[in-house]
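[1] Provided below for reference: sequence and predicted model.
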Amino acid sequence: MKEEIERKYLVCADGWQRLAVSARPLRQGYLAEGPGVTVRVRLAAGEGRLTLKSRLPGPSRMEFECAIPQAEAEALLAAYAGGRLVEKVRHDVPWEGRLWEVDVFGGRNAGLVVAEVELASVREPVHPPAWVGREVTDDPRFYNQFLAERPIDEWSPEERSWPAR
């Protein structure tokens, strides 16, 4: 099991698109959750991934992930996700020696754009690019699991008017 350390930000401006080196559609669903852990299945580029991830506040989480056949991933999503899905296109954007992942959400979360950067340490400084705005690492509303359970098309107008900066 590995430790994943990432910080998450709302994207507040254009400019990242011309820097993107790849884009891939992702579809993921949440199968179960227990005290401190979630179970996720993700489909991307014809491959399935099964992930167990700790649910802790802050930028650090423990994660176990393994590849599974696409057909198995599809079957798990159909049988257990219960419609709790997140659809997005992930863009890889290099910036000052780091790889930022910019997720452009679709489906019931259309309109949301979030950037994440993985770190080697929780103390590692981050110097976000100009197109990145408010940090939402500690805001559970922007966790993918929350967005699967309660997509933004269910949010009130006040909830949808999140400040990007």
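    Perfect, thanks for sending it. Numbers count the residues shown, from 1 in each chain.
[2] alpha carbons only for contacts and neighbour counts from here, please
    OK.
[3] give me the residue at the spatial middle of this protein.
    residue 144 (5.1 Å; C-alpha atoms, centre = their mean).
[4] you'd agree it is up against residue 88?
    No. With contact taken as C-alpha atoms under 8 Å, residue 144 and residue 88 are classed as non-touching, separated by 10.2 Å.
[5] where does the protein have low pLDDT?
    For the chain, applying pLDDT under 70 flags the ranges 164.
[6] same thing but at 80, please
    Scanning the chain for pLDDT under 80 picks out 55-58, 162-165.
[7] how about the strands in it?
    Along the chain, counting by DSSP state E, strands occupy 2-11, 22-34, 37-44, 47-54, 60-68, 85-95, 98-105, 113-118, 132-135.
[8] just give me the longest helix of the chain.
    In the chain, assigned by DSSP state H, the helix with the most residues is helix 70-80.
[9] CA atoms of that one as PDB?
    C-alpha atoms of helix 70-80 as PDB (Å, rounded to 0.1, in the frame of the first residue of the first chain):
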ATOM      1  CA  GLN A  70     -12.400  -3.900 -18.300                       C
ATOM      2  CA  ALA A  71     -15.300  -6.300 -18.400                       C
ATOM      3  CA  GLU A  72     -14.900  -6.900 -14.600                       C
ATOM      4  CA  ALA A  73     -14.800  -3.200 -14.000                       C
ATOM      5  CA  GLU A  74     -18.000  -2.600 -16.000                       C
ATOM      6  CA  ALA A  75     -19.700  -5.400 -14.200                       C
ATOM      7  CA  LEU A  76     -18.700  -4.100 -10.800                       C
ATOM      8  CA  LEU A  77     -19.900  -0.600 -11.700                       C
ATOM      9  CA  ALA A  78     -23.300  -1.900 -13.000                       C
ATOM     10  CA  ALA A  79     -23.900  -4.200 -10.000                       C
ATOM     11  CA  TYR A  80     -22.600  -2.000  -7.100                       C
END
